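**Q** quick check, what structure comes out for this input:
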Amino acid sequence: MSDNKKPEGIERVRNIGISAHIDSGKTTLTERILFYTKKIHKIEEVRGKSGVGATMDFMDLEREKGITIQSAATYCEWKDYAINIIDTPGHVDFTIEVERALRVLDGAILVLCAVSGVQSQSITVDRQMTRYHVPRIAFVNKMDRAGADPVRCMNQLRDKLGHNAHLIAMPIGAEDQFKGIIDLIEMKAHYFDGDNGEKIRVEEIPADLLDHAKDLRHELVAATGDFDDEGAHLYLDDKEVPADTLRKAVRKATLTLKFIPVMMGSAYKNKGVQLLLDAVGYYLPNPAQVVNEAHDQDKEEEKIILESDASKPFVGLAFKLEDGRFGQLTYMRIYQGKISKGDWIMNCVNQKKLKIPRLVRMHADEMNDIESAQAGDIVAMFGVECSSGDTFTDGKLRYTMTSMHVPNAVISLAVAPKDKAGQANFSKALNRFSKEDPTFRVHRDEESAQTIISGMGELHLEIYIERMKREYNCEVIAGKPQVAFRETITQKTDFMYQHRKQTGGSGQYAKIAGYFEPLPADAVETYEFVDEIAGGVGFRVVINDGAYHDVDSSDMAFKICAMTAVREFYHACKPIILEPIMRLQTQAPEEFQGPVVGQINQRRGVILSTGTVNKYVQVDAEVPLSEMFGYSTDLRSSTQGKGEFQMEFLKYAPVPRNVQDVLVKQYQDKRAAENK
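**A** Numbers count the residues shown, from 1 in each chain. Sure thing, here's the model as predicted:
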């Protein structure tokens, strides 16, 4: 493999993410990757004395919350591989963003700390990768630290995560004696010399480690035998398995998602990173080996398998937006076909045709102009107005990369800038965030004249309020979370009402008769008006009689008559309050099953099922949204940070009588205070 050969062909492209528990060395590892691939010429440390900080360093908010905000992708070349490194998603609360970002990944590196092993966030990101079928390599970092033990990490991958994990390398020494790495495939020892470990010295394996290395290689050959017949036959015949054959077997096994190769090194001490880059090329998939689907809008969203072929019609997905110095920057993954600067493309969401004025490849905050890009590439476009998740085609196809279903918002907050000076930035921020994230909604409540933001959970809204402060310098005052309660009736009631008002001149006269009745729970329309002569949910109003006066009757008279009739007869319909019920799925290590179930019961939850998978208990339940505030904090504290949950809107259901009485009293007190 020549170091000078330029990447060519889709089989040489790798789109990867690097995920880790906080403080496992992800930023330091990314910095070394950029240095060894010659994207940067000087290594900066995360907490270096220079104050410069790492090239791809996190913002404060990312460090605190684990949410991706900074650049979405950087590009580098290693030997003859073209590698796009993509920022991995932050939190499962961001359902749509997580799905889109993971869709853009073809493979991943799961970074573990050699001392701490598999931690709570490692478990979370691993489960997300499993959910979205992302093949991965495990990299045990910080091998120079006291207490480093890669075998323990491998065993935790097996026991805690249920993976078929095997070492494909072994360390030469450990802790402060960590000197290099043995490649178990090639059976060679690698030492990293030079000021920054850039000079690799390859030697024979030290005699005192040779037997142990042979044993580990023997285990590796046995573990991959199920995935490759050639290697299996050689193994059964007690013959030596060549490096190329074993490498091919490890690749096949990794791509099936039934095997995880484990490597190790110390990014901070500049050891093992180049071997990891080799492994990215050897074992992670190219774009053509990953199944990507689109939905054909012309055929009732029928699923279409996209082909990573430059000769096919163009299909791309905008997966990230950024406010750049020159306007909106749109990151796009190309799944099929190719595009060039100046081409016309169509946004399949709003059917608008757009011209690409500028096409760039990103590296942190630097932009390199390019003339064209093809299937498998990740690029950025300037001056293209769109939203995150929009699908682009050449105009002949009407595909969408994500289903058009967007979950209903389940929590709302009243927000306002702390001072009038922040009003302009406040509006800009809301406009940008609602464009980036379709589950983040903004509206103005006409009655209270408040700006209301709605989203998928407490954390979701908390993050956006924090981003307004940090990115737009706009302090925001937030009110209490408001749950979207509804009201309906439970029994049929006949009514007849006459409105008459005489004040001299033309008067007001109207008379209506009919009945109110509840609609069935599965009714498509939440309100139905039947004119057998013409807000709430689940009720039908039927007008079957009435009277009018040639002179005194008017549109306004009938409106007043109808409003008063509803007020007078509504209580006879036995109204009830409905509350949003959430489908809750909680996962935690099985030793925490008691506290998890207890917390759900305390929140008026109805447990539907419990089960154990890979030593994790999963509890499915239905819980009222009004009881879920603060749940994430309680769950974390009761499970040592190892519990996680997903929540989505399920239905509206009647609140218990005691809760309804409290809500009615609160509403009446509020109205009384407003009318004083």
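**Q** how is the chain divided into domains?
**A** Dividing the chain into domains by automatic domain parsing, as the record does, gives the ranges 10-289, 292-400, 412-482, 490-574, 578-658.
**Q** thought residue 415 was touching residue 478, still the case?
**A** Yes - assessed by C-beta atoms under 8 Å, residue 478 is found in contact with residue 415 at 5.2 Å. Every residue, glycine included, has its C-beta placed from N, CA and C.
**Q** so what sits against both of the two?
**A** Residues within reach of residue 478 and of residue 415 at once, by C-beta atoms under 8 Å, 6 or more residues apart in numbering, are residue 465.
**Q** who has more neighbours out of these two?
**A** Shown here are residue 478 and residue 415; by other C-beta atoms under 10 Å, residue 415 has more neighbours (20 against 13).
**Q** bridging residues for that one?
**A** With beta bridges defined as DSSP bridges, residue 415 has these partners: residue 451, residue 478.
**Q** report the contact partners of it.
**A** 450, 451, 452, 453, 465, 476, 477, 478, 479.
**Q** distance of it from residue 387?
**A** For residue 415, the distance to residue 387 (C-beta to C-beta, to the nearest Å) stands at 21 Å.
**Q** number of nearby residues for the nearest residue to residue 562 once chain neighbours are set aside?
**A** Take residue 562 and drop its neighbours on the chain: the residue closest to it by C-beta to C-beta, 6 or more residues apart in numbering is residue 512, 6.3 Å away. By other C-beta under 10 Å, the residues close to residue 512 number 23.
**Q** tell me the SS of residue 512?
**A** At residue 512 the chain is in strand, as set by DSSP: H, G, I helix; E, B strand; the rest coil.
**Q** that one and residue 131, how far apart?
**A** Remark: distance between residue 512 and residue 131 (C-beta to C-beta) = 55 Å.
**Q** just residue 261 next, same as before
**A** 21 Å.
**Q** assign residue 309 to helix, strand or coil.
**A** Under three-state DSSP, residue 309 falls in the coil class.
**Q** contact partners for it?
**A** Residue 309 touches 288, 336, 337, 375, counting by C-beta under 8 Å, 6+ apart.
**Q** from the residues you listed, which two are the most distant?
**A** 288 and 337 (13.5 Å; C-beta to C-beta).
**Q** the more surrounded of those two?
**A** residue 337 (21 against 16).
**Q** I'd say that one and residue 373 touch.
**A** No - in this structure residue 337 lies outside contact range of residue 373 using C-beta under 8 Å: 10.0 Å.
**Q** picking that back up, of the domains of the chain, which approaches residue 673 most closely?
**A** That would be domain 412-482 among these, by C-beta to C-beta, at 13.1 Å.
**Q** still on that earlier bit, out of the contacts of residue 415, which is most surrounded?
**A** residue 453 (24 neighbours).
**Q** A strand includes it, no?
**A** Yes - according to three-state DSSP, residue 453 belongs to a strand.
**Q** was I right to think it contacts residue 430?
**A** Yes - counting by C-beta under 8 Å, residue 453 touches residue 430, with 7.2 Å between them.
**Q** shared neighbours, the two?
**A** Joint contacts of residue 453 and residue 430 (C-beta under 8 Å, 6+ apart) are residue 442.
**Q** neighbour count winner among residue 261 and residue 131?
**A** A count of neighbours by other C-beta under 10 Å puts residue 261 above the other of residue 261 and residue 131, at 26 against 13.
**Q** which SS state does residue 461 fall under?
**A** helix.
**Q** who's in contact with it?
**A** Here residue 461 is in contact with 411, 413, 453, 454, 455, 478, 481 (C-beta under 8 Å, 6+ apart).
**Q** then residue 209?
**A** 170, 172, 182.
**Q** re the thing from before, name whatever forms a beta bridge with the residue nearest to residue 562.
**A** residue 497, residue 546.
**Q** wait, doesn't it sit right on residue 559?
**A** No - Residue 512 is not in contact with residue 559 according to C-beta under 8 Å; the separation is 10.7 Å.
**Q** quick one on the thing from earlier: closest one to residue 668 among the domains of the chain?
**A** So among the domains of the chain, domain 490-574 is nearest, using C-beta to C-beta, at 13.6 Å.
**Q** what about the closest one, average pLDDT?
**A** For domain 490-574, the mean pLDDT works out to 64.
**Q** can you count the residues close to residue 117?
**A** Neighbour tally, residue 117, other C-beta under 10 Å: 20.
**Q** so in this protein, where's the weakest helix or strand by average pLDDT?
**A** strand 527-531 (a mean of 48; mean pLDDT, DSSP states H and E).
**Q** give the buried residues for the helix or strand where residue 319 lies.
**A** Per DSSP states H and E, residue 319 falls inside strand 315-324. For strand 315-324, burial by neighbour count (16 or more other C-beta atoms under 10 Å) applies to 315, 316, 317, 318, 319, 320, 321, 322, 324.
**Q** average model confidence for that strand?
**A** Here the average pLDDT along strand 315-324 is 80.
**Q** who's in contact with that strand?
**A** For strand 315-324, using C-beta under 8 Å, 6+ apart, the contacting residues are 71-73, 100-101, 103-104, 294, 306, 328-337, 339, 345, 382, 384, 386-393, 397, 399, 401-402, 432, 435-436.
**Q** quickly run through the sheet partners of that strand, with directions.
**A** For strand 315-324, pairing defined by DSSP bridges yields strand 327-336 (antiparallel), strand 391-393 (antiparallel).
**Q** report the buried residues of the first one.
**A** Spelled out, that is strand 327-336. Under 16+ other C-beta under 10 Å, the buried positions of strand 327-336 are 328, 329, 330, 331, 332, 333, 334, 335, 336.
**Q** from those residues, which shows the smallest pLDDT?
**A** residue 328 (79).
**Q** excluding its backbone neighbours, what's nearest it?
**A** residue 321 (6.1 Å).
**Q** for residue 151, same thing?
**A** Nearest residue to residue 151, sequence neighbours excluded (C-beta to C-beta, 6+ apart): residue 167, at 7.6 Å.
**Q** what sits against the residue nearest to residue 186 when sequence neighbours are not counted?
**A** Among residues not flanking residue 186 along the chain, residue 243 sits closest, at 5.0 Å (C-beta to C-beta, 6+ apart). Shown here is residue 243, whose contacts under the criterion C-beta under 8 Å, 6+ apart are 185, 186, 187.
**Q** quick one: the helices in the stretch 101-250 of the chain?
**A** For the stretch 101-250 of the chain, the helices defined by DSSP state H, counting those that start in this stretch occupy 120-131, 150-159, 207-224, 229-236, 243-255.
**Q** bridge partners for the residue nearest to residue 151, pull those for me.
**A** residue 262.
**Q** show the model's pLDDT score for it.
**A** On pLDDT, residue 167 comes in at 93.
**Q** what separates residue 417 from residue 515, distance-wise?
**A** Distance from residue 417 to residue 515, by C-beta to C-beta: 48 Å.
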